[in-house]
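In: I would like to see how this sequence folds:
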Amino acid sequence: MKLAVALHDRADLQTRISQLRERLLNNAKVQEGDTISEEPEELLKELNQNCVELESLIRRINHTNNQTMVGEASLVDLLAQKDVLTLKLSILRAFLEKASARLQRYSSSELRISSTVNIAEKQKEVDHLAKQLRELDTRIQEINWTTELL
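Out: The predicted model follows:
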């Protein structure tokens, strides 16, 4: 199985577990005289099976990510780099949105608000980081589709 398929399977399991959670909560109590729509013990059994399967899959994915080398870096290193780039980009985009927002002045006596940074310069930085992130993500996806799950 390719790593990309395992990642897809992990996402499916996480979705199933989330749905089981909701179904369990919906069947936790019943009004006197009513019947439950699903048997909680069966749902709990299915939840346990899915959790065991998810844990096993996560272990294998993590092991594969640790063992897969891309040049001198492991796949884990690339994933950490991607996470940090994503975080930084998110913060910079929010900052630029706030810094470039136009405030309406209703009279000349109101205080004028100015940006604290050069918007065009910072936007170029954001664009450069976004390009780096896209290229890194493409590289990781390529590795995921060519790497066998350990």
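
In: which intervals of the chain have sub-threshold pLDDT?
Out: 103-115 (pLDDT under 70).

In: at 90 what do you get?
Out: 28-38, 97-122 (pLDDT under 90).

In: all strands for it, in order.
Out: Applying DSSP state E to the chain gives strands spanning 69-70, 73-74.

In: and the last one, what other elements does it pack with?
Out: Read it as strand 73-74. Here strand 73-74 touches helix 40-67, going by 3 or more Cβ pairs under 8 Å, 6 or more residues apart in numbering; DSSP states H and E. Bear in mind the C-beta positions are built from the backbone N, C-alpha and C, glycine included.

In: picking that back up, right, so the strands of the chain: which one is the most enclosed?
Out: With neighbours defined as mean count of other Cβ atoms under 10 Å, these peak in mean count at strand 73-74, which reaches a mean of 14.

In: Looking at the strands of the chain, spot the one closest to Phe95.
Out: strand 73-74 (29.0 Å; Cβ to Cβ).

In: mind listing what the closest one pairs with, with the direction of each?
Out: strand 69-70 (antiparallel) (DSSP bridges).

In: Other residues contacting the partner strand?
Out: For strand 69-70, contacts defined as Cβ atoms under 8 Å, 6 or more residues apart in numbering pick out 75, 77-78, 139, 143.
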